[in-house]
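Engineer: Fold the following for me, if possible:
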Amino acid sequence: MNPAKLACLGLPTYHSRVERWECDTNNHWNTRFYARGFQLAAETVAETPEGRSIGAGCIDARHMRFHGELMAGAPVEIRSLVIGGGVFDGHVLHLLSSDGRLSATALDRPAGPLRALPEAPAKELAIALPRGIGLTAQEAAADPVTVELGPVRPLDCDHTGALTFENIVRLVVMGSHKKMNQIGFTPEFISGHGISRMAVEFRVDLHDRCSPGEMLQAVSDLASASGKSFNIAHRLYTRSGRLVATGTQCLVAVDLATRRATTLPDFINAAIQSHR
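Structural biologist: Now for the predicted structure:
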């Protein structure tokens with residue numbers, strides 16, 4: 001099914017717009033805000049009969065794919081449906097679009113009951129299904145970085161006291177940033193070569209709750225590279241060693257003049273091979 005038709009499937013479950021302050025160093029909507037939108041749509045889908053959200057507990061895994069950039073001022077609509085058949089039978093698919101153009105998708109493994117949703121056959125949804133990331137967290141190469149993330153604040157949590165999905169994404173990406181700077185993908189390299197990096201897929205598996213006051217660390221490392229993309233493996237821990245979440249982030253190198261994927265810088269493959 002083509003992206004334009006896909007964007008019209010399902011029931012509307014969330015509406016918003018891209019605020020200028022939500023855009024990142026690539027001048028487009030930051031991944032964390034896609035994640036927030038998908039979470040709010042998921043909580044709408046899992047609304048209780050009393051009309052209340054069950055919060056972070058509505059899913060235990062989410063796989064996001066990014067299909068097009070959104071800039072400041074863009075309208076946002078998310079529509080949701082249930083997948084019928086195949087490996088992801090019974091999973092919820094969220095379709096995020098702007099003016100009818102598909103921008104991102106999220107595949108949720110629900111952890112509780114759902115409202116009635118339209119169903120679409122898996123064979124028509126290939127564009128939204130995982131491609132560059134497998135169904136389990138990827139292993140790191142062997143040269144991880146650890147980032148200290150400080151304490152969880154009440155503002156980082158939802159109404160049930162659980163760390164929000166948006167903040168899980170925000171926190172683990174700090175590990176990506178440190179790792180990229182370590183191997184040479186620095187702000188100076190980006191400005192000097194006109195090549196940046198952008199996420200094309202992001203899978204997160206939730207393992208345990210954490211609450212305000214707990215100290216967090218993220219451990220991140222390059223995991224693999226193929227063609228124009230590379231993967232980074234993440235683990236989010238409390239300082240006591242309890243695993244909160246695992247994730248795999250698939251990124252591409254992007255020519256900022258054309259906004260298209262380009263050849264990976266040599267130092268990415270070199271960094272992976274040096275620690276095999």
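
Engineer: okay, CA-based contacts and neighbour counts for the rest of this
Structural biologist: Noted.

Engineer: For stretch 214-228, buried residues please.
Structural biologist: Residues Met215, Leu216, Gln217, Ala218, Val219, Ser220, Asp221, Leu222, Ala223, Ser224, Ala225 are the ones in stretch 214-228 that count as buried (16 or more other C-alpha atoms under 10 Å).

Engineer: got these as a markdown table, with distance to Asp156 and pLDDT columns?
Structural biologist: Below are those laid out as a markdown table (distance: C-alpha to C-alpha, whole Å; pLDDT from 0 to 100):
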| residue | distance to Asp156 | pLDDT |
| --- | --- | --- |
| Met215 | 13 | 97 |
| Leu216 | 12 | 98 |
| Gln217 | 15 | 97 |
| Ala218 | 16 | 96 |
| Val219 | 20 | 95 |
| Ser220 | 21 | 95 |
| Asp221 | 25 | 93 |
| Leu222 | 27 | 93 |
| Ala223 | 28 | 91 |
| Ser224 | 31 | 90 |
| Ala225 | 33 | 90 |
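
Engineer: In strands, which of these appear?
Structural biologist: Counting by DSSP state E, the buried residues of stretch 214-228 place Met215, Leu216, Gln217, Ala218, Val219, Ser220, Asp221, Leu222, Ala223, Ser224, Ala225 in strands.

Engineer: Which elements pack onto the longest helix along the chain?
Structural biologist: Criterion DSSP state H: the longest helix present in the chain is helix 165-183. Where contact means 3 or more C-alpha pairs under 8 Å, 6 or more residues apart in numbering; DSSP states H and E, helix 165-183 is packed against helix 31-45, strand 145-151, strand 215-226, strand 229-238, helix 266-273.

Engineer: which residue is nearest the middle of the chain?
Structural biologist: Phe202 (3.9 Å; C-alpha atoms, centre = their mean).

Engineer: Quick check: bridge partners of Leu206?
Structural biologist: Using DSSP bridges, the bridge partners assigned to Leu206 are Ala245.

Engineer: ok, now which ones touch it?
Structural biologist: Listed by C-alpha atoms under 8 Å, 6 or more residues apart in numbering, the contact set of Leu206 reads Asp60, Ala61, Val244, Ala245, Thr246.

Engineer: Just confirm the second one is within a strand.
Structural biologist: What that stands for is Ala61. Yes - Ala61 forms part of a strand when assessed by DSSP: H, G, I helix; E, B strand; the rest coil.

Engineer: Let me know the pLDDT of it.
Structural biologist: pLDDT recorded at Ala61 is 94.

Engineer: who's in contact with it?
Structural biologist: Asp108, Arg109, Pro110, Arg203, Val204, Asp205, Leu206.

Engineer: now swap in the last one and tell me
Structural biologist: Contacts of Thr246 were listed using C-alpha under 8 Å, 6+ apart, and they are Ala137, Val204, Asp205, Leu206, His207, Ala233, His234, Arg235, Leu236.

Engineer: All good on my end, thank you.
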